[in-house]
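From the sequence below, what's the structure:
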Amino acid sequence: MRNFLKMQVGGCRLFQMNRSKQLITLLCLLQACFCANAQKVWPLVTVRNPLHHSRIQQVISLPWNEIQRNIPDIDTSRFSVVNRNTGKILPHQWETHGSGTIQNLLIQFSFTAQEQLQLGYILKATPRPSAFVFGRYVPERKDDFAWENDRVAFRMYGKALQSTNENAHGIDVWVKRTNQLIINKWYQSGDYHADHGDGLDYYSVGATLGAGDISFFTNDTVFYPGNYSQWKILDNGPIRFSFQLTYDSVVFNKQNIQIIKTITLDAGAQLNRITVEYRAPMMQQHSALAGIVLRNGWGILNQDEQKGIITYWEPTDPNNGTTGVALIDTSGNKKIIQLRKQVGIQLLLSNHRPHTYYAGACWDKAGKIHSAEEWQTYLAQLYRELKEPLIINYNRQPMKHSSSPSLIQKINR
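Have a look, this model is predicted:
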């Protein structure tokens, strides 16, 4: 015991004489403890932006079979995605396409020009992030179907409206200047045609395609199939909302044709991704027009048939500002048609072959896009992003959680 005390005393003297060395030792011990308790991060994918401009709030989709190949023993209830460059946990969502089983892993993050990011995953249950998208069937308002993200809201009209004198056909726009979700709030108040600080519905649709709807088209005439009769929510956030609308069969080109539309809206996006499918007994092509309404010949209209881009900056409302509307179709089988009250992209659709295009809107009072020039710039950039998608390289080697090393420790908890 006496020797032990002497050793301790000696240790104290040594501490007094070598405080700097002792401090270094203490820091090393703390770092070792931190590393021992840090959450392990395993590699998932490497993603590169090939463009020379930034990409904001991108949602990427990783096939479920790739995730399972990389993580054979995955537990989706204890799974989070990490930006390995920064240690930040990223918003993610399991996409099912309404099937009840996982089809894809969705991840949202931003890129600088030509940036390459390494994404990893951790086995850690995290709270579900706040939802940036929402939508629902609205039976209390004559079968509306409304959907939104943190930038803009839309709605389509159902059967209950079809027999009234206020019937309309196309996509309606609700402009917002808040990133909060407002659909339930506005429907509950019933007072959404006046701006009380977070936006309003002042967009007029009527008997038109509105802000990017699609319908039958022949001899410079749009034929409407009536309003949707069935709806189904496919995925409900937090970063992607998708749903499907089905229309009753109508006779066109001497055939009974049914239209099915699948609409997807991501957080941070101004445009919907719209997929339309015609179903008819005979395999042939049918003419369709995806279009937007024009306001008595006024406003700023730009058309690029080669790229398939239509941008329209509406006339300014003295009280409510200006709405911009747009269409993008990147396929080769298209032609821009301008009618008296509408302009659109004419498409030849084949039976049972889904066709995808993009349509949406912005509002100058939202504070994101302020002019026709900025709206055109936004859409030109979106077009480039569609033509040059992010480059994803998968980690093809299955990772065993029990033996994987700790790769980084700077995780944002």
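
and W363, bridged to which residues?
Beta-bridge partners recorded for W363 (DSSP bridges): T323.

That one contacts D195, correct?
No: if you go by C-beta atoms under 8 Å, W363 and D195 don't touch, sitting 10.4 Å apart. For glycine as for every other residue, the C-beta is placed from the backbone atoms N, C-alpha and C.

Looking at those two, which has the bigger crowd around it?
Using other C-beta atoms under 10 Å, the more surrounded residue of W363 and D195 is W363, with 27 against 16.

Now do the contacts for that one.
152, 175-177, 199, 321-324, 369 (C-beta atoms under 8 Å, 6 or more residues apart in numbering).

which residues of the stretch 251-400 of the chain fall in helices?
With DSSP state H, counting those that start in this stretch applied, the stretch 251-400 of the chain shows helices at 372-387, listed in chain order.

Low-confidence ranges, it, go.
Across the stretch 251-400 of the chain, the ranges flagged by pLDDT under 70 are 283, 397-400.

one more time with 90, if that's ok
Within the stretch 251-400 of the chain, the ranges that satisfy pLDDT under 90 run 252-256, 280-286, 296-298, 332-334, 340, 350-352, 394-400.

How are the strands of it distributed by residue range?
With DSSP state E, counting those that start in this stretch as the criterion, the stretch 251-400 of the chain has strands at 255-266, 271-279, 285-293, 300-304, 309-313, 323-328, 334-338, 342-350, 355-363, 391-394.

Paired strands for the last one, with orientation please.
Same thing as strand 391-394. strand 42-48 (antiparallel).

Please apply the same query to the second one.
Here strand 271-279 has these sheet partners by DSSP bridges: strand 255-266 (antiparallel), strand 355-363 (antiparallel).

Tell me the buried residues in the longest one?
Translated: strand 255-266. Residues 257, 259-266 are the ones in strand 255-266 that count as buried (16 or more other C-beta atoms under 10 Å).

would you list those residues in a markdown table and tack on distance to Y378?
Listed next are the buried residues of strand 255-266 as a markdown table, based on distance: C-beta to C-beta, whole Å:
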| residue | distance to Y378 |
| --- | --- |
| I257 | 35 |
| I259 | 29 |
| I260 | 29 |
| K261 | 24 |
| T262 | 24 |
| I263 | 20 |
| T264 | 19 |
| L265 | 16 |
| D266 | 15 |
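
which of those residues lies closest to H92?
Ranked by distance to H92 (C-beta to C-beta), those are led by D266 at 12.8 Å.

list the contacts for the closest residue to the closest one other than its chain neighbours?
Distances taken as C-beta to C-beta, 6 or more residues apart in numbering place V59 nearest to D266, at 4.5 Å, with adjacent residues excluded. Neighbouring residues of V59 by C-beta under 8 Å, 6+ apart: 106-108, 239-240, 266-268.

Then L209?
L209 neighbours (C-beta under 8 Å, 6+ apart): 169-171, 215, 222, 289-293, 342, 344.

and with 6 Å instead?
Counting by C-beta atoms under 6 Å, 6 or more residues apart in numbering, L209 touches 170, 291, 342.

Show me just the buried residues among those.
By neighbour count, with 16+ other C-beta under 10 Å, the contacts of L209 hold 170, 291, 342 as buried.

Tell me how many other residues surround the closest residue to the second one other than its chain neighbours.
Put plainly, it is G291. Nearest residue to G291, sequence neighbours excluded (C-beta to C-beta, 6+ apart): G344, at 2.5 Å. Using other C-beta under 10 Å, G344 has 29 neighbouring residues.

Same check on the one 5 residues further on?
Using other C-beta under 10 Å, the number of residues around L349 comes to 20.

So it versus V325, what's the distance?
Plainly put, L349 is 22 Å away from V325 if you go by C-beta to C-beta, to the nearest Å.

Touching, F134 and N184? I think so.
No: applying C-beta atoms under 6 Å, one finds F134 not in contact with N184, separated by 7.9 Å.

Looking at those two, which one has more neighbours?
F134 (20 against 12).

For the helix or strand that that one is a member of, buried residues please.
Following DSSP states H and E, one finds F134 within strand 133-138. Neighbour counts over strand 133-138 (16+ other C-beta under 10 Å) mark 133-136, 138 as buried.

can you pull the contacts of L289?
Contacts of L289 by C-beta under 6 Å, 6+ apart are 217, 222, 344, 346.

Can you name the residues bridging to it?
Under DSSP bridges, the beta-bridge partners of L289 are S215, Q346.

Could you check how far the closest residue to T46 other than its chain neighbours is from I292?
With C-beta to C-beta, 6+ apart as the criterion, T46 has its nearest non-adjacent residue at 4.5 Å, and that residue is N393. Between N393 and I292 the distance is 38 Å, computed by C-beta to C-beta.

Sounds good, over and out.
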